[in-house]
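A.B. asks: Attaching a predicted model along with its sequence, questions to come.
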Amino acid sequence: MKGLLAGLPWWVKWVAIPLIAVLVFGGLIATVVSVLIGVLFKVLLFVALVGGLIYVVRKFLASSSSRSDW
C-alpha cells in the first residue's frame with residue numbers, strides 16, 4: 001500500500017481519498033452513528049427511570065415506616 005501511494009501528491013492522500021470514502025460510505029457511517037446515539041439515549045433513559053423508581057419506592061417505604069412508629 002505504501003508503494004501504491006508513494007508517488008501521489010499529498011492532496012490525493014489526505015483530501016481526495018478520504019472524500020471519496022465519505023461519499024461512498026457516508027450513509028453507512030451516518031446510520032451507525034445514529035444507531036449508537038439512539039442506543040445511548042435509551043440506556044440513559046432506562047437508568048434515569050430505574051433511578052427514579054428506586055427513589056420513589058425508598059421514599060414511600062421510609063414514610064410508611066415512620067407512620068407506623070407513632
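C.D. replies: It's in.
A.B. asks: Okay, now the unreliable bits of this protein?
C.D. replies: Across the chain, the ranges flagged by pLDDT under 70 are 66-70.
A.B. asks: Run through the helices of it in chain order.
C.D. replies: Remark: helices assigned in the chain by DSSP state H are 2-6, 10-11, 17-68.
A.B. asks: how near is the residue lying closest to I29 once chain neighbours are set aside to G3?
C.D. replies: Using C-beta to C-beta, 6 or more residues apart in numbering and skipping residues adjacent in sequence, the residue nearest I29 is V22, 7.3 Å away. Every residue, glycine included, has its C-beta placed from N, CA and C. For V22, the distance to G3 under the criterion C-beta to C-beta, to the nearest Å works out to 25 Å.
A.B. asks: circling back: would TSV of the helices of the chain with mean neighbour count be doable?
C.D. replies: TSV is the format used below for those (neighbours: other C-beta atoms under 10 Å):
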stretch	mean neighbour count
helix 2-6	7
helix 10-11	8
helix 17-68	10
